[in-house]
Every structure is written in C-alpha cells, then in structure tokens.
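J.: what shape does this take:
(one chain, ligands or ions: 2)
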Amino acid sequence: MNSFLFGPDVLPSAAMTVALINTSPGRGGEEGLNDTEILRAMGRETGVFYLPDGSKAEILAMRKLRDRLDEIVKTPENPQRFAMLNELFYSASAIPQIVTHVETPEPHFHYTLEDASYVDHLKGVTAYALARLIIIGEWQRLRTCSGTACNRLFFDTTRNGKRLYCDSRTCGNRIHAARYRVRSAGRSQVEIQLDGAE
Ligand SMILES: [Zn+2]
Ligand SMILES: [Zn+2]
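T.: Numbers count the residues shown, from 1 in each chain. Ligands and ions are numbered 1, 2, ... in the order given. Here you go, the predicted model:
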C-alpha cells in the first residue's frame, strides 16, 4: 500500500507484529494463539515467511514474545522502549544482513541468521518493526482501535494517518450506526457521551 513511505520490509513486519499482539486476551478478548496453524496463517497473510516448527514450547514462547511486544507498545517512554527492544535483539542473537530471496526479491534486511529458531526469527522481525517505526517517526501510526468494546491494535497505513478503527467495516460501522440511531431519536446528550467515550 504505502511501501514507498515505509520501506519494503516495514509493512510485513509491522503487520505480523500487530497480528501477533492481537492474539492476546487483553486485545482480542480471548487467547488467540493456541496452535501453530495460527502462526502459519499470520505469516501467509502478512508476508513473513519464516516457518514455525510446530511444538507446544514454541507456542508458549510466542505467547511470551507477544506479551512482551504489547508491553513495549504500551511503554510511554523511549529509553525503556529502547532497552526492551535491544534486549529482544540481543536475546535473538540478531545480526543484520542484507538479503534477497524468492519470496521477496527486493533487497531487504534479515535480522537473524538463517539457522535461528522460529521464535528468534520472530523476535528479530517484530523488534525490528517497532524500532523502525520509532526511527522513521511513525510510532503514532500504531494505535488501539477507537471502536466500542474493541481493544485491538492496528497499524495505520493511510496517507493522513488519521484512521480510527481496526476495521472500518465492523468497528467503524457499529459506531456510525449507533450515532445515527441516537441522532434520529434526538438524544444529543447520549451522542456527546458516545463521542467523548471513544
Ligand atoms: Zn526476507
Ligand atoms: Zn476495532
């Protein structure tokens, strides 16, 4: 969509980071990371091509990484964020390399050596995504949905960066429908409350 603005590897890695974080009970309402197929599906959808090995330990390690990433997203100060991100790079034994491969022929970075574990690859990919958004000044594009009863994270790739909902067809529409009903009923106080609360 906006790879010109973000660079070729920011979109897949940011999308994967967001998808992973949204599997947490605190974001999606229930545990969303229960099997390896979820990880494979997220990889296919976002264009992150590392393959999980399929063990239970891997799922647990990925939940731990996910929770850590969400903590980083919620951390308000850069020095703490930097320390947490650098700790992820360090624990993944991250070593940046410029590469091309069949799936992504454009030159791009990999942050882990080819024989690293899936969890370490994903630590590299996700820590990279968050660090990169800070470095290019686009951290504010990573936001929590404004929808009622929706706590999901999204990455705003719109030109003006003013998107409010994780999905305008669901979260966005419900709000608009609620406003419309309130307005038709002439209960402007409720309308103001809705606007303020969200
Ligand atoms: Zn690659
Ligand atoms: Zn939402």
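J.: wait, T100 sits on H110?
T.: No. Using C-beta atoms under 8 Å, T100 makes no contact with H110, being 10.1 Å away. In short, each C-beta sits where N, CA and C put it, glycine included.
J.: these two: which has the busier surroundings?
T.: H110 (21 against 10; other C-beta atoms under 10 Å).
J.: up against ligand 2, what does the protein have?
T.: C145, G147, C150, R152, C166, C171 (C-beta under 5 Å from the ion).
J.: what's the third one in contact with, if anything?
T.: It refers to C150. Counting by C-beta atoms under 8 Å, 6 or more residues apart in numbering, C150 makes contact with Y165, C166, C171.
J.: mind putting those residues into a markdown table with neighbour count, pLDDT and secondary structure?
T.: Listed next are these as a markdown table, based on neighbours: other C-beta atoms under 10 Å; pLDDT from 0 to 100; DSSP: H, G, I helix; E, B strand; the rest coil:
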| residue | neighbour count | pLDDT | secondary structure |
| --- | --- | --- | --- |
| Y165 | 22 | 94 | coil |
| C166 | 23 | 93 | coil |
| C171 | 21 | 90 | helix |
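J.: and which of these is nearest H121?
T.: C166 (25.7 Å; C-beta to C-beta).
J.: confirm that T148 lies within a strand, as I assumed.
T.: No. According to DSSP: H, G, I helix; E, B strand; the rest coil, T148 belongs to no strand; its state is coil.
J.: what segments of the protein are helices?
T.: Listed in chain order, the helices of the chain (DSSP state H) span 3-6, 10-21, 25-28, 36-46, 56-74, 78-91, 118-135, 173-184, 188-197.
J.: so which of those helices comes closest to R141?
T.: Here helix 118-135 is closest among those (C-beta to C-beta), at 6.8 Å.
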